[in-house]
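Student: next come a sequence and a model predicted from it.
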Amino acid sequence: MRVIRAKDYNDMCRKAASILCAQVVLKPNSVLGLATGSTPLGVYRQLAEWNALEDVDFSETTTINLDEYVGLTPDDTQSYRYYMDNNFFRYVNILPENTYLPNGLAADKTEECARYDAIIRACNGIDMQLLGIGNNGHIGFNEPGTAFEKGTHCVSLTESTISANSRFFDSEADVPRFAYTMGIRAIVQARHIVVIVSGAGKAEILKDSFTGPVTPQVPASVLQLCSNVILVGDEAALSLLV
Ligand code: PGA
């Protein structure tokens, strides 16, 4: 694993964006695995800035997102489709038909999971996966206890995730209880994984993930088994990692 130390959130975002940018410059038709949440926002802003300057071209790039809430329409402001459209896709020259997220409104959950896994396979897997880590160690919505070998599946969100994500909703009661997530299997099979973490609040889980036992109880700990991980963290997040 490579650890790249950043001064602060903005520095972390620029460094992570430059790695993604290099990937797309080197391979314009890259398949990028993308994430939502607070942490990637500055990464997307930076990539949009470089795209506007024509330093990076996404016209041949495909994106496959990690997860989506069950039951939210794409134009619901809390859906991850809405997040991606409005924080990244609309600001860059990516083709909408090359951007994939699970369909939160799918009638049949089993079929939707199979459809998503088929998309990942048809794209020949993920060249570079951008990944945040949840307070409880989740990656995507693979909550503690998830078997590493699972493909895309529908999960019941834990109380800690519901509480952490309630900051984006009017109230905790509005947070969907179920979500689709890419499985850990597809994440670890990505050819490169760029983990981004910021803030003192993530220091403890980062330490557990990278120096504790590899266990489904800490899903991000599986990353210890991957040789292709680049961890980009700011000083506060990395403070407990020696
Ligand atoms: P955050 O979420 O970026 O909003 O902290 C990370 C995650 O839950 O994966």
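Tutor: Great, that's in hand. Numbering: from 1, shown residues only.

Student: show me where the protein has helices.
Tutor: 9-26, 41-52, 80-87, 109-122, 159-165, 184-188, 203-211, 235-238 (DSSP state H).

Student: how close does the residue most central in space within the chain sit to F141?
Tutor: Closest residue to the average C-alpha location of the chain: A35 at 2.4 Å, with C-alpha atoms, centre = their mean. Taking C-beta to C-beta, to the nearest Å as the measure, A35 falls 11 Å from F141. Where C-beta positions appear, they are placed from N, C-alpha and C, glycine not excepted.

Student: quick revisit: can you flag the weakest of the helices of the chain by average pLDDT?
Tutor: Lowest mean pLDDT of the helices of the chain: helix 159-165, a mean of 92.

Student: using CSV, list the CA coordinates for that one.
Tutor: What follows is helix 159-165, C-alpha atoms only, in CSV (Å, rounded to 0.1, in the frame of the first residue of the first chain):
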residue,chain,number,x,y,z
GLU,A,159,-28.1,2.2,12.8
SER,A,160,-24.7,3.9,12.7
THR,A,161,-24.8,4.4,9.0
ILE,A,162,-28.4,5.7,9.2
SER,A,163,-27.3,8.1,11.9
ALA,A,164,-24.1,9.2,10.0
ASN,A,165,-26.1,9.8,6.8
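
Student: residues contacting that helix, please?
Tutor: Contact with helix 159-165 is made by G134, N135, N136, H138, F141, E143, L157, E172, V175, R177, as judged by C-beta atoms under 8 Å, 6 or more residues apart in numbering.

Student: and stretch 184-191 with the ligand, contact?
Tutor: No: applying C-beta under 6 Å from any ligand atom, one finds stretch 184-191 separated from the ligand by no less than 11.4 Å.

Student: might you enumerate the residues of the chain proximal to the ligand?
Tutor: Residues of the chain lying near the ligand by C-beta under 6 Å from any ligand atom: G37, S38, T39, G132, I133, G134.

Student: among these, who's most crowded?
Tutor: Within the residues of the chain next to the ligand, most neighbours by other C-beta atoms under 10 Å means I133, with 27 neighbours.

Student: spit out the contact partners of the nearest residue to that residue once chain neighbours are set aside.
Tutor: In this structure, I133 finds its nearest non-sequential neighbour in A220, 4.7 Å apart by C-beta to C-beta, 6 or more residues apart in numbering. Going by C-beta under 8 Å, 6+ apart, A220 touches I133, G137, H138, I139, V195, I205, S209, F210.

Student: hmm, which of those are the buried ones?
Tutor: In those, burial by neighbour count holds for I133, G137, H138, I139, V195, I205, S209, F210, counting by 16 or more other C-beta atoms under 10 Å.
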